[in-house]
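Novice: Build me a model:
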Amino acid sequence: KYDAVKRCTSEGFECEKMAIEKIKHFISKDALNIDGLGKKVIEKFWDLNFIRLPQDIFKLNYNKIETLDGWGKLSVANLRYAIDQSKKISLEKLIFSLGIRHIGQENAKLIAGCFGSVQKFKNLLDFKKKDENLENLNSIDGIGEIQIKSIDLFCSNKKNTEVTNELIKELKIDDHKIVSSNSKLSGKTLMFTGTLN
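Specialist: Numbering: from 1, shown residues only. Sure, this is the predicted structure:
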């Protein structure tokens, strides 16, 4: 039940090593997937103090980047375009990109389905509304005690809530879409009885 690895006690951006890894996760292929902004570029921008938090990606100084070795007008224009394109995401992608421990892509979809919109998801970031909204997650099949505890820990960290709120301002987040089906069983409730060997 417990991970047999050593982990940093920080769940936020206070620890530099955790912060840079969270930013790398944020731009990864399964999260925002920003072309031209890979792990090595993030490390370089970190060293140059261009990026300290995920939202810094959307406030980069492209004139400074253009003066760096290996960068020119075209590569900077491509990077700017890729970053602008990455701003339009789904709610589930936002949730996954935050890098909440134990919340993978499937869990992110379930959580997005529970809240439906980014405005309702923001209730988790409000200290007064957080507990009530964590209770709502209890009823989701596929979300267990470990995931809820992890979300609670993430949302209890002031820096995490600040970062998430800033990202919500920067990004264009689509509400969760429920996929409808036109099959003969759609809208029906099925019950199976009996036992399995």
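Novice: in the helix or strand of the chain with the lowest mean pLDDT, what's buried?
Specialist: Scoring the helices and strands of the chain by mean pLDDT, DSSP states H and E places helix 127-137 at the bottom, with a mean of 90. Buried residues in helix 127-137, counted by 16 or more other CB atoms under 10 Å: Lys130, Asn133, Leu134, Leu137. In short, each C-beta sits where N, CA and C put it, glycine included.
Novice: for that helix, packing partners?
Specialist: Packing partners of helix 127-137 (3 or more CB pairs under 8 Å, 6 or more residues apart in numbering; DSSP states H and E): helix 105-115, helix 145-156.
Novice: For the following helix or strand past the shortest one, which residues meet the burial criterion?
Specialist: Past helix 105-115, heading to the C-terminal end, the next element that is a helix or strand (DSSP states H and E) is helix 118-121. Applying a neighbour-count criterion of 16+ other CB under 10 Å, one finds Val118, Lys120, Phe121 buried in helix 118-121.
Novice: Now distance to Leu167 too, for the buried residues of helix 127-137, in CSV please.
Specialist: Shown next, in CSV, are the buried residues of helix 127-137 (distance: CB to CB, whole Å):
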residue, distance to Leu167
Lys130, 18
Asn133, 18
Leu134, 20
Leu137, 20
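Novice: mind showing which ranges of the protein have poor pLDDT?
Specialist: Low-confidence segments of the chain (pLDDT under 70): 1-4, 179-181.
Novice: quick one, strands of it?
Specialist: Per DSSP state E, the chain carries strands over the ranges 88-90, 172-174.
Novice: residues in contact with the residue nearest to Tyr62 when sequence neighbours are not counted?
Specialist: Once flanking residues are discounted, Tyr62 sits nearest to Val76: 5.1 Å by CB to CB, 6 or more residues apart in numbering. With contacts taken as CB atoms under 8 Å, 6 or more residues apart in numbering, Val76 has the following neighbours: Tyr62, Ile65, Glu66.
Novice: same check, this time on Lys39
Specialist: Counting by CB under 8 Å, 6+ apart, Lys39 makes contact with Lys24.
Novice: how close does it get to Gly187?
Specialist: Counting by CB to CB, to the nearest Å, the gap from Lys39 to Gly187 is 46 Å.
Novice: same question, Ser28
Specialist: In this view, Ser28 and Gly187 are 37 Å apart by CB to CB.
Novice: and what of Cys155?
Specialist: Distance of Cys155 to Gly187, given as CB to CB: 35 Å.
Novice: out of these two, which sits in the busier spot?
Specialist: Set Cys155 next to Gly187 and count neighbours by other CB atoms under 10 Å: Cys155 wins out with 23 against 9.
Novice: That one reaches Val163, doesn't it?
Specialist: No. Counting by CB atoms under 8 Å, Cys155 stays clear of Val163, with 11.4 Å between them.
Novice: what's the nearest residue to the residue nearest in space to the middle of the chain if we skip its chain neighbours?
Specialist: Per CA atoms, centre = their mean, the C-alpha nearest to the average position across the chain is that of Ser97, at 2.3 Å. In this structure, Ser97 finds its nearest non-sequential neighbour in Ala31, 3.7 Å apart by CB to CB, 6+ apart.
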